[in-house]
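In: Requesting a structural model of the entry that follows:
(chains A and B)
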Amino acid sequence: DTEVTQTPKHLVMGMTNKKSLKCEQHMGHRAMYWYKQKAKKPPELMFVYSYEKLSINESVPSRFSPECPNSSLLNLHLHALQPEDSALYLCASSLNPFSSYEQYFGPGTRLTVT
Amino acid sequence: DQQVKQNSPSLSVQEGRISILNCDYTNSMFDYFLWYKKYPAEGPTFLISISSIKDKNEDGRFTVFLNKSAKHLSLHIVPSQPGDSAVYFCAASTGAAGNKLTFGGGTRVLVKP
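Out: Numbering: from 1, shown residues only, chains lettered A, B, ... in the order given. The predicted structure is shown next:
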């Protein structure tokens, strides 16, 4: 089973709203990732969690706040977003963060900020 | 600075023929290379990978070739099928850097029946 699930599939939010994206995997992976993908562009890394601790933050604005409650779950809390933050948000996981392994992606959450 | 480049934005191939996708990289620290396939509105699907200690890896219809001296890798799909029509991303990582993936810009493949 190489499944990573993400909810919701679609999200529309206003610039003053607070919302959260959720990601779950049950593969025993200890590295989890958030990526942002704009149309016709490759995915861009936002955050990496290694053994439930934030290990990489790619200079992401503080209106995006990640959280890793346990080894299977990853959240991305959103607050005061801008219309340019509209994108496909992808979660991924891999076996461990200290060696090169395949990352498995979820289907993504299509976010629209109005 | 784009460390991973896919210079062909699109590729059209006849069903049954070979599709060859190319990827160039500049960072000699990359030690693992991957190919992902992506359909619209879906997450990337892992296809095949290769470690820098190898020069070829094969999985069914997919073969990846790595030329370290040229900093070049390619993906061969043979025979191509209409269901292979998608965007293909090349990606590279350095294990020491937290398995951070750097993606190329993607190549859109269209397989014509």
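In: wait, A:Ala92 sits on A:Met32?
Out: Yes - A:Ala92 is within contact range of A:Met32, at 7.2 Å (criterion: C-beta atoms under 8 Å). Backbone N, C-alpha and C define where each C-beta goes, glycine included.
In: Can you name the residues of chain A that neighbour chain B?
Out: A:2, A:4, A:6, A:31, A:33, A:40-45, A:48, A:50, A:55-56, A:88, A:90, A:92, A:94, A:96-108, A:110 (C-beta under 8 Å from any C-beta of the partner chain).
In: Sort out for me which of these are in strands.
Out: Under the assignment DSSP state E, the residues of chain A next to chain B contribute A:4, A:6, A:31, A:33, A:44-45, A:48, A:50, A:55-56, A:88, A:90, A:92, A:94, A:104-105, A:110 to strands.
In: is it fair to say B:His76 lies in a strand?
Out: Yes - counting by DSSP: H, G, I helix; E, B strand; the rest coil, B:His76 is part of a strand.
In: Excluding chain neighbours, what is closest to it?
Out: The shortest distance from B:His76 to any residue other than its chain neighbours is 4.5 Å, reached at B:Thr63 (C-beta to C-beta, 6 or more residues apart in numbering or on different chains).
In: Neighbours of that neighbour, how many?
Out: Using other C-beta atoms under 10 Å in any protein chain shown, B:Thr63 has 18 neighbouring residues.
In: hang on, isn't it packed against B:Asp55?
Out: No - checked against C-beta under 8 Å, the pair B:Thr63 and B:Asp55 is beyond contact range at 11.1 Å.
In: Specify the beta-bridge partners of A:Ala87.
Out: A:Leu111 (DSSP bridges).
In: was I right about it contacting A:Lys36?
Out: Yes - here A:Ala87 reaches A:Lys36: they are 5.0 Å apart, a contact under C-beta under 8 Å.
In: Show me where chain B dips below the pLDDT cut-off.
Out: Scanning chain B with the threshold set as pLDDT under 70 gives B:1, B:95-98.
In: can you rerun that using 80?
Out: Counting by pLDDT under 80, chain B has low-confidence residues at B:1-2, B:41, B:95-99.
In: for stretch B:24-38, which positions count as buried?
Out: B:24-25, B:30-38 (16 or more other C-beta atoms under 10 Å in any protein chain shown).
In: One more: stretch B:54-71?
Out: B:62-66, B:71.
In: got the contact list for it?
Out: With C-beta atoms under 8 Å, 6 or more residues apart in numbering or on different chains as the test, stretch B:54-71 has contacts from B:24-26, B:28, B:33, B:35, B:47-50, B:52, B:72-79, B:81.
In: before we move on, what about stretch B:10-20?
Out: B:21, B:74-82, B:84, B:107-113.
In: Of those, keep whichever come out buried.
Out: B:21, B:74-77, B:80, B:84, B:107, B:109, B:111.
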